[in-house]
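# coordinates only, sequence not included:
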């Protein structure tokens, strides 16, 4: 299409096997930019392909286990990393359909073209701690095609020369709650400060995060915009009949429809699983709790009440052990089943101590499931009065709120109705309007004023099949 604008989105978190909240953001972003009329290309940083045949490149995109690199390619890889520290190059990955990728259809972003720069994100992570960053704070990335905007969905020290580089900073958790992450805090701080100075614009996803970025990094207000997020749940999943949802959750997890509570997300400190479990054990309820999420960093302390030592103790004290046995955890649920789990739950419990946005809050509200969340960070901003808000550091308050939700059907019905209405504020159309204003302003090379962000003019959105894998 003549004159079509173009955007490049990084694939840093767009893994095919599992995903994160940032992966969900990046995937949805690709569909939104496509619907805005942009040619949308995706840049990955996978390992080099051990061969030159185009079909092998396509195969390697879907399965990296394609063999070891020959010696000469290994030497090229070594030279690229050690003798070209300031620059990376990318080449197109052919996606011809010769490899059947239906299995990954719901996890793929929208793309017009896919590029790969071998080891790009590994190199970018290493660049944070290398001496090279003092000479060039960001690595250049060269691509075969020109793009008007490069939108980086994570603060990595990368940029595309001759292009407007926009960076999304979802939050500053490594600086605000340093004890909940494994980042090298010095390198992280240097990276985000450098990006804040050099970015053409910064995008964030809540007013809470926007305030943090302005206050901690000294970013001028006109250089950062909150676009919020949207969640996309295809109608074929969101509108499943009740009897289908009931069969899926009862047949798969042996829990009764609308007779269990649900937490889903990574098992790591900021998700507050430890206090959730403590509060759940103290609540006056026999309703089971289903935890869906992979073990992440520092998970052992979060699950300490579910380990073998705790089991032995709770067996001795008797009745409390009965409630402990009603807490179940599974690593993963495919997206269609996760939607059914949310729809079939009595409530979604998400008392996280800190979130840039909190997608499970929005997804629960969209699907008409009552939500319990915390009164910290962006959570009350997203939920407003459509959820039960608790002090995430107070297990007794969590316990009382769980008891109230469990025993009060009128409260659950009220929250379900309010939640559906509140979720409409974060529609894909609203996200597209905000993002469109950012891109237009960046390309026009003038500062953006908060009053210029539109709230009415609709942007037509096409049909899509997008998976959410929240955390």
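That came through fine. Small disclaimer: the values here were computed from a predicted structure and weren't measured.

# what residue ranges in the stretch 301-450 of the chain score low on pLDDT?
Of all residues in the stretch 301-450 of the chain, those with pLDDT under 70 make up the ranges 307-325, 445-450.

# all helices for it, in order.
Per DSSP state H, counting those that start in this stretch, the stretch 301-450 of the chain has helices spanning 308-317, 319-324, 335-344, 359-366, 379-383, 395-407, 409-423, 428-444. These are given in chain order.

# care to break this structure down by domain?
Using automatic domain parsing, the domain ranges for the chain come out as 6-230+428-452, 235-425.

# gap between the first one and the chain center?
By that I understand domain 6-230+428-452. 13 Å (C-alpha atoms, centre = their mean, to the nearest Å).

# with stretch 220-236 instead?
In terms of C-alpha atoms, centre = their mean, the centre of stretch 220-236 is set 12 Å apart from its chain centre.

# so for it, what gets flagged as buried?
Of the residues in stretch 220-236, 223, 224, 225, 226, 227, 228, 229, 230, 231, 232, 233, 234 count as buried by neighbour count, 16 or more other C-beta atoms under 10 Å. Any C-beta I mention is one placed from the backbone N, CA and C, and that applies to glycine too.

# how about CSV for those, with secondary structure, pLDDT and distance to residue 92 added?
Formatted as CSV, the entries for these read as follows, by DSSP: H, G, I helix; E, B strand; the rest coil; pLDDT from 0 to 100; distance: C-beta to C-beta, whole Å:
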residue, secondary structure, pLDDT, distance to residue 92
223, helix, 96, 33
224, strand, 97, 33
225, strand, 97, 31
226, strand, 97, 34
227, coil, 96, 29
228, coil, 96, 33
229, coil, 92, 30
230, coil, 91, 29
231, coil, 87, 31
232, coil, 84, 27
233, coil, 89, 32
234, coil, 89, 29
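
# can you pick out the most distant pair from those?
The two members of the buried residues of stretch 220-236 with the most space between them (C-beta to C-beta) are 223 and 234, at 35.4 Å.

# quick one on the thing from earlier: single out the most deeply packed of the helices of the stretch 301-450 of the chain.
Mean neighbour counts were compared across the helices of the stretch 301-450 of the chain using mean count of other C-beta atoms under 10 Å; the top stretch is helix 359-366, at a mean of 27.

# quick check: angle from that helix to helix 409-423?
Per axes from the mean of the first three to the mean of the last three C-alpha atoms, to 10 degrees, the angle that helix 359-366 makes with helix 409-423 is 110 degrees.

# quick one: contacts of helix 359-366?
Contacts of helix 359-366 from elsewhere in the structure, counted by C-beta atoms under 8 Å, 6 or more residues apart in numbering, are 21, 24, 229, 231, 233, 238, 264-265, 342, 348, 350, 370-371, 373, 379, 382-383, 386-387, 419-420, 422-423, 426, 468, 470-471.

# what residues are bridge-paired with the nearest residue to residue 375 once chain neighbours are set aside?
Using C-beta to C-beta, 6 or more residues apart in numbering and skipping the chain neighbours, the partner closest in space to residue 375 is residue 389 (4.3 Å). Here residue 389 sits in beta bridges with residue 373, going by DSSP bridges.

# OK, contacts around residue 389?
Counted by C-beta under 8 Å, 6+ apart, residue 389 has contacts 373, 374, 375, 379, 380, 383.

# just residue 58 next, same as before
Applying C-beta under 8 Å, 6+ apart, we find residue 58 in contact with 93, 94, 95, 96, 98, 99.

# from the contacts of residue 389, which is closest to residue 119?
Nearest to residue 119, judged by C-beta to C-beta, of the contacts of residue 389 is residue 379 at 36.6 Å.

# which residue, other than its chain neighbours, is closest to the closest one?
Computed as C-beta to C-beta, 6+ apart, the closest residue to residue 379 that is not its neighbour in sequence is residue 373, at 4.6 Å.

# test my guess that the one you found contacts residue 388.
Yes. With contact defined as C-beta atoms under 8 Å, residue 373 counts as touching residue 388 (7.5 Å).

# between these two, which one's more packed in?
Set side by side, residue 373 and residue 388 give different neighbour counts by other C-beta atoms under 10 Å, the larger being at residue 373 (27 against 23).

# ok, the more buried one - contacts?
If you count contacts by C-beta under 8 Å, 6+ apart, then residue 373 has 350, 351, 352, 358, 361, 379, 380, 383, 387, 388, 389, 390 around it.

# how about residue 264?
291, 292, 293, 333, 338, 341, 342, 348, 360, 470.

# redo those as CSV? Include distance to residue 441.
Compiled in CSV, these are given as follows (distance: C-beta to C-beta, whole Å):
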residue, distance to residue 441
291, 42
292, 39
293, 38
333, 40
338, 36
341, 40
342, 36
348, 36
360, 31
470, 29
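
# from the residues you listed, pick the one nearest residue 247.
Taking C-beta to C-beta as the measure, residue 247 lies nearest residue 341 of the contacts of residue 264, at 12.7 Å.

# what residue ranges in the stretch 101-250 of the chain score low on pLDDT?
Regions of the stretch 101-250 of the chain meeting the criterion pLDDT under 70 cover residues 106.

# one more time with 80, if that's ok
101-107, 131-135 (pLDDT under 80).

# please enumerate the strands of it.
Listed in chain order, the strands found in the stretch 101-250 of the chain under DSSP state E, counting those that start in this stretch are 113-116, 139-142, 149-152, 158-159, 164-168, 201-204, 224-226.

# dump the contacts of residue 373 to a markdown table, plus distance to residue 88.
What follows is these, written out as a markdown table (distance: C-beta to C-beta, whole Å):
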| residue | distance to residue 88 |
| --- | --- |
| 350 | 38 |
| 351 | 41 |
| 352 | 35 |
| 358 | 34 |
| 361 | 37 |
| 379 | 37 |
| 380 | 41 |
| 383 | 41 |
| 387 | 43 |
| 388 | 47 |
| 389 | 45 |
| 390 | 46 |
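
# which one of those residues sits closest to residue 205?
Out of these, the one with the shortest distance to residue 205 is residue 358. That distance is 9.5 Å, counting by C-beta to C-beta.

# what's the angle from whatever helix or strand residue 22 lives in to helix 335-344?
Taking DSSP states H and E as the criterion, the element that holds residue 22 is helix 21-35. Helix 21-35 and helix 335-344 meet at an angle of 100 degrees, taking the same axes, to 10 degrees as the criterion.

# helices or strands up against helix 21-35?
Under the contact definition 3 or more C-beta pairs under 8 Å, 6 or more residues apart in numbering; DSSP states H and E, helix 21-35 sits against strand 6-10, strand 39-44, helix 428-444.
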